[in-house]
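Peer 1: sequence plus the predicted model coming up.
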Amino acid sequence: MALTPTRPIKVWDLPLRLTKWSFVGLVAAMWYTAENSLWYWHTRLGAVLLALLIFRIIWGFIGTRTALFSQFVRSPRAAFNHLRGKDTGFTIGHNPLGAFAVLALIGVMLAQVTMGLFAGDPYDGATGPLNSLVSVMTADTLTDWHADFLWVVLGMAALHIIAVSIYSFVKLDDLVGPMITGKREEPESVEGIEAVPWGRAAIAIAVSAGFALWVWLGAPPLT
């Protein structure tokens, strides 16, 4: 039987790939800084993570084809069918099952960062930028949740890594390489993604960085 001709095509854009690997590094760095009480760096890395999360959410609406939530988020039935090996119309990008992993990771990281913004004790110098906006009791509660919820974030990240490894070794489908290079071999009938819309990317970067800076300054009134 003749092999189907393939060619390398672009499946992941550069902003998406940089954001993805930055998440990996930031989660590891924030765990390290928390374990070693490096609060100066921990809080600043949290602001960077917030900016990246906002960017990823915005990029999910205005980015390239494989970055759009509307293109890869499917129903639970589609994810189940994909798991069973049935055709779901998936071509490139996140498969229907991986889509839920992406949403879950974004969700838990956003929850963790949000709790960190209000957490802390002003008497030991380790406070989030929005700590003064809540009561001491609320801040204490969010501090405890923030500390415990880190293990949920790490658990989700570990589960994601395990799933990618299983998919790569069992189905012999490399998921890591394309997330580094942006390209993968696909049948000639499959079209790659469009060029990065750098104008929209610049807007997304400006909005996400501006929002993170505003939060870092304590969310002062804009008027």
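Peer 2: Arrived safely.
Peer 1: in this structure, where's the longest helix?
Peer 2: helix 136-170 (DSSP state H).
Peer 1: what about the strands in the protein?
Peer 2: 6-10, 120-121, 126-127, 183-187 (DSSP state E).
Peer 1: out of these, flag the one nearest residue 16.
Peer 2: strand 6-10 (11.1 Å; C-beta to C-beta). Any C-beta I mention is one placed from the backbone N, CA and C, and that applies to glycine too.
Peer 1: direction included, what does that closest one pair against?
Peer 2: Strand pairing for strand 6-10, using DSSP bridges, gives strand 183-187 (antiparallel).
Peer 1: sorry, back to before: what are the buried residues along the longest helix of the chain?
Peer 2: For helix 136-170, burial by neighbour count (16 or more other C-beta atoms under 10 Å) applies to 139, 142-143, 145-146, 149-150, 153, 156-157, 160, 164, 167.
Peer 1: packing partners of that helix?
Peer 2: Counting contacts by 3 or more C-beta pairs under 8 Å, 6 or more residues apart in numbering; DSSP states H and E, helix 136-170 packs against helix 14-35, helix 96-118, strand 120-121.
Peer 1: lowest average confidence across the ones you listed, which one?
Peer 2: The weakest mean pLDDT among the helices and strands packed on helix 136-170 belongs to strand 120-121, with a mean of 84.
Peer 1: contact partners for residue 46?
Peer 2: 30, 113, 116, 117, 128 (C-beta atoms under 8 Å, 6 or more residues apart in numbering).
Peer 1: go again with 6 Å.
Peer 2: 113, 116 (C-beta atoms under 6 Å, 6 or more residues apart in numbering).
Peer 1: now do residue 39
Peer 2: residue 126.
Peer 1: ok, it to residue 120 distance?
Peer 2: Residue 39 sits 8 Å away from residue 120, going by C-beta to C-beta, to the nearest Å.
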